[in-house]
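Participant: Sequence first, predicted coordinates after that:
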Amino acid sequence: MALAVAVGADGVHLPERALDQADEARGAGLALVTGAAHSPEALARAAALRLDAALLSPVFPTASPSGGAALGPERFAAWTRAAGLPVIALGGVHAGNAAVLADSGVCGLAGAEGVARAFAPAAKA
């Protein structure tokens, strides 16, 4: 959070273990506060703390070392609809599977692998 403030960022993304720092982030002048969530309990905590959104992951299988078991689109949709705050899909999301989430209640998509793959030279794809 100190880095976000130091560089004049508008917001910060908090890891699940630090969701309780949301009020501190707002008090530091950060207008947008999002947080990571990997369970319905974390989503409920994020909603209770009035985060602007939660990034729920991993939706699909991912190569990320912190990825864990994929939720799958059905569980993702159920958790998202019950979340009580906007939810952004993260984890294994790419152009080939993002449309599956269209009716899930998701408010946005985030990704690293999918973006990297989209911009990778054809020889590396």
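Facilitator: Thanks, I have the structure now.

Participant: contacting residues for residue 87?
Facilitator: By CB atoms under 8 Å, 6 or more residues apart in numbering, the contact set of residue 87 is 37, 43, 53-56, 79-80, 105-107. From N, CA and C alone the C-beta is placed, and that goes for glycine too.

Participant: Chain neighbours aside, what residue packs nearest to it?
Facilitator: residue 80 (4.3 Å; CB to CB, 6 or more residues apart in numbering).

Participant: Now do the one you found: how many residues are near it, please.
Facilitator: 23 (other CB atoms under 10 Å).

Participant: Model confidence for it, exactly?
Facilitator: As predicted, residue 80 sits at a pLDDT of 98.

Participant: Tell me the buried residues in stretch 105-121?
Facilitator: For stretch 105-121, the neighbour count (16 or more other CB atoms under 10 Å) marks 105-106, 109-111, 113-114 as buried.

Participant: Helices - which of the residues you listed land there?
Facilitator: Among these, the members falling in helices (DSSP state H) are 113-114.

Participant: Now flag whichever of the buried residues of stretch 105-121 is closest to residue 33.
Facilitator: residue 110 (15.3 Å; CB to CB).

Participant: and the nearest residue to the closest one once chain neighbours are set aside, what is it in contact with?
Facilitator: Nearest non-adjacent residue to residue 110, counting by CB to CB, 6+ apart: residue 90, 4.4 Å away. Residue 90 makes contact with 55-59, 109-111, according to CB under 8 Å, 6+ apart.

Participant: moving C-terminal of the longest strand along the chain, what's the next helix or strand?
Facilitator: Counting residues, the longest strand in the chain under DSSP state E turns out to be strand 32-37. Next helix or strand after strand 32-37 toward the C-terminus (DSSP states H and E): helix 40-48.

Participant: angle of that following helix against strand 32-37?
Facilitator: 170 degrees (axes from the mean of the first three to the mean of the last three CA atoms, to 10 degrees).
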